[in-house]
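*Asks:* structure of the sequence below:
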Amino acid sequence: MKEETKKTLAQVSTATLTLQLLKRGIRNTYMRGVAPLGPMAERLVGEAVTLRFIPMREDLSTPAILADHNNPQRVAIDTIPAGAILVIDSRGVADCASLGDILAERIKQRGGAGVVTDGGVRDAAAVVETGLPVFAAGPAAPASLAAHTPIDRDLPIGCGGVAVIPGDVLVGDGDGVVVIPKDIVDEVARDAFDQEDIEAFIKREVENGRSTIGLYPPDDGIRAEYAKWVEAGRPD
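*Replies:* As a prediction, the model looks like this:
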């Protein structure tokens, strides 16, 4: 992802991004049941690296796999590139953890941008204290082995009911998480910024008592007014 695109995405809301994707015929982009685990200082933006869990089976999900150097969960966390987001397919199992504070700290130390999972997070308060942005179904005490077996990584997954391909771009804010296909991320970011810019003008007009009919969404006349407002230096 271009640095300019990343900076632009950090300025626009997930609500705006969902509309831009809808205009392009891409509807299923907003993750269900996934929310910030703690307070957010800024939007989460990054490219996805993926991890997939399958349902626990007793002969596979034993404490011994935690020490396996090839455990996909451990490998995914210990090799996450700087700026990437670990996206975990936890099958929407909210009452079992996808990770805890030690693994969250390792991602932070690697320079990872954050974690998105449709499962739970254990040691939730301690995870929040790491400062790593985490979006999840909520707190959950049981360790992952209680419900999950980590099976593979760096493959297409589903998270929160949305398809995630490695390299797709995720944006998260107080409303949740949106997935942007990597091939169109530059144009989506550009048009989302433009949308929010004209909406700032529209909101100003509404605050001044103007009707939303014809104003929102803007017709050609409103767009002409907006252009003049910009040209005039955006006066109050």
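*Asks:* use CA for all of it now, contacts and neighbours both
*Replies:* OK.
*Asks:* can you give me the helices in the chain?
*Replies:* Under the criterion DSSP state H, the chain carries helices at the ranges 3-9, 14-23, 72-78, 101-110, 124-130, 185-207, 220-231.
*Asks:* can I get the fifth one in CSV, CA atoms only?
*Replies:* Taking C-alpha atoms only, helix 124-130 is exported to CSV below (Å, rounded to 0.1, in the frame of the first residue of the first chain):
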residue,chain,number,x,y,z
ALA,A,124,-8.4,-8.3,27.8
ALA,A,125,-7.4,-5.5,30.1
ALA,A,126,-3.8,-6.5,29.8
VAL,A,127,-4.1,-6.6,26.0
VAL,A,128,-5.5,-3.1,26.0
GLU,A,129,-2.6,-2.0,28.2
THR,A,130,-0.1,-3.1,25.5
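*Asks:* may I see the buried residues of it?
*Replies:* By neighbour count on 16 or more other C-alpha atoms under 10 Å, the buried set for helix 124-130 is 124, 127-128, 130.
*Asks:* can I get those in CSV with pLDDT?
*Replies:* Written out in CSV, the entries for the buried residues of helix 124-130 read as follows (pLDDT from 0 to 100):
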residue, pLDDT
Ala124, 97
Val127, 97
Val128, 97
Thr130, 96
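*Asks:* average pLDDT across the top strand by length along the chain?
*Replies:* For the chain, the strand that runs over the most residues, judged by DSSP state E, is strand 44-55. Over the span of strand 44-55, the pLDDT mean works out to 98.
*Asks:* any buried residues in that strand, and which?
*Replies:* Buried residues in strand 44-55, counted by 16+ other C-alpha under 10 Å: 44-53, 55.
*Asks:* any chance of those residues in CSV, plus distance to Phe201?
*Replies:* Listed next are these as CSV, based on distance: C-alpha to C-alpha, whole Å:
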residue, distance to Phe201
Leu44, 26
Val45, 26
Gly46, 29
Glu47, 32
Ala48, 34
Val49, 38
Thr50, 39
Leu51, 42
Arg52, 44
Phe53, 46
Pro55, 50
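*Asks:* returning to that earlier point: which one of the helices of the chain lies nearest to Arg32?
*Replies:* Ranking those by their distance to Arg32 (criterion: C-alpha to C-alpha) puts helix 14-23 first, at 13.2 Å.
*Asks:* tell me what angle the closest one forms with helix 185-207.
*Replies:* Here helix 14-23 runs at an angle of 120 degrees relative to helix 185-207 (axes from the mean of the first three to the mean of the last three C-alpha atoms, to 10 degrees).
*Asks:* offset the numbering so it begins at 19, please.
*Replies:* That works, and once the first residue is 19, the last one we named lands at helix 32-41.
*Asks:* and helix 32-41, average pLDDT?
*Replies:* Rounded to a whole number, the mean pLDDT of helix 32-41 is 97.
*Asks:* quick one, what contacts the closest residue to Arg70 other than its chain neighbours?
*Replies:* The shortest distance from Arg70 to any non-neighbouring residue, by C-alpha to C-alpha, 6 or more residues apart in numbering, is to Asp107 (4.8 Å). When contacts are counted by C-alpha atoms under 8 Å, 6 or more residues apart in numbering, Asp107 is found next to 68-71, 135-137, 175-178.
*Asks:* 7 Å instead?
*Replies:* The contact partners of Asp107, by C-alpha atoms under 7 Å, 6 or more residues apart in numbering, come to 69-71, 135-136, 175-177.
*Asks:* could these be laid out in a markdown table, adding distance to Ala82?
*Replies:* As requested, the contacts of Asp107 are exported to a markdown table (distance: C-alpha to C-alpha, whole Å):
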| residue | distance to Ala82 |
| --- | --- |
| Leu69 | 19 |
| Arg70 | 19 |
| Phe71 | 17 |
| Thr135 | 24 |
| Asp136 | 25 |
| Ile175 | 25 |
| Gly176 | 27 |
| Cys177 | 27 |
